[in-house]
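# attaching a predicted model along with its sequence, questions to come.
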Amino acid sequence: MTVFRAVVIILLALAALPMPIGYYAIVRIAVTSYCVVEAIYAYEQRRTALTVAFIIVAILFNPIIKVGFPKEICAVIDLALAGFLFVKRNQLKP
C-alpha cells in the first residue's frame, strides 16, 4: 500500500499541471481504487470519519460518473488530496 499511496500522491500532484486528457482518466482510476481500499481498511478499524472521507473522494474521482469541476478547482482538489495523503501517510494502513 505504501508504494500505491506514493504513486497516487505523485499522480495527483502532476494532475495540477496541464496534461493530456488520458492522464486524468488514469488518475481517476488510481485514486478511486486507492480510496476504496483505504475506506475498507478504515471501516475495519472503526474509523468512521476517515471511512466517510475516502468514500466521498472515491465518488468524486470515480471514472464512470464524472463529477465536473472547472480546471482550476480540480487542480486545488488534486493538490489538497495529495497533501492530505502525504500528511496522513503514517496514520493510514501500510
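Arrived safely, thanks for sending.
# which of the helices or strands spans the residue most central in space within the chain?
Centroid-nearest residue in the chain: residue 31, 3.9 Å away (criterion: CA atoms, centre = their mean). Per DSSP states H and E: residue 31 is located in helix 21-44.
# using the three-state scheme, assign the residue of the chain positioned farthest from its centre.
Most distant residue from the mean C-alpha position of the chain: residue 46, 20.3 Å away (CA atoms, centre = their mean). Local secondary structure at residue 46 is given as coil here, using DSSP: H, G, I helix; E, B strand; the rest coil.
# okay, it: pLDDT?
Residue 46 carries a pLDDT score of 92 in this model.
# quick one: residues contacting it.
Contact analysis of residue 46 by CB atoms under 8 Å, 6 or more residues apart in numbering lists nothing. To be clear about C-beta, it is placed using only N, CA and C from the backbone, and glycine gets the same treatment.
# before we move on, the earlier item: contacts for the helix holding residue 31, please.
So helix 21-44 is contacted by 1, 4-5, 7-8, 11-12, 14-15, 50-51, 54-55, 57-58, 61-63, 66, 78, 81, 92-93 (CB under 8 Å, 6+ apart).
# among those, which ones are buried?
The neighbour count (16 or more other CB atoms under 10 Å) marks 5, 8, 11-12, 15, 50-51, 54-55, 57-58, 61-62, 78, 81, 92 as buried among those.
# so where's the protein uncertain?
Residue ranges of the chain with pLDDT under 70: 1, 92-94.
# count the neighbours of residue 68 for me.
Applying other CB atoms under 10 Å, we find 6 residues neighbouring residue 68.
# which elements pack onto the host helix or strand of residue 51?
Following DSSP H and E, one finds residue 51 within helix 48-61. Under the contact criterion of 3 or more CB pairs under 8 Å, 6 or more residues apart in numbering; DSSP states H and E, helix 48-61 touches helix 21-44.
# just the C-alphas of the helix it packs on, formatted as CSV.
Listed next in CSV are the C-alpha coordinates belonging to helix 21-44 (Å, rounded to 0.1, in the frame of the first residue of the first chain):
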residue,chain,number,x,y,z
ILE,A,21,-6.9,14.1,-21.2
GLY,A,22,-5.9,10.4,-20.9
TYR,A,23,-3.8,11.2,-18.0
TYR,A,24,-6.7,12.3,-16.0
ALA,A,25,-8.6,9.0,-16.7
ILE,A,26,-5.6,7.2,-15.2
VAL,A,27,-5.6,9.5,-12.2
ARG,A,28,-9.4,8.8,-11.7
ILE,A,29,-8.9,5.1,-11.8
ALA,A,30,-5.9,5.1,-9.5
VAL,A,31,-7.4,7.5,-6.9
THR,A,32,-10.8,5.7,-6.9
SER,A,33,-9.1,2.3,-6.4
TYR,A,34,-6.8,3.5,-3.7
CYS,A,35,-9.7,5.3,-1.8
VAL,A,36,-11.9,2.2,-1.9
VAL,A,37,-9.1,0.1,-0.4
GLU,A,38,-8.4,2.7,2.3
ALA,A,39,-12.1,3.1,3.0
ILE,A,40,-12.3,-0.7,3.7
TYR,A,41,-9.3,-0.6,6.0
ALA,A,42,-10.6,2.5,7.8
TYR,A,43,-14.0,0.8,8.2
GLU,A,44,-12.4,-2.3,9.7
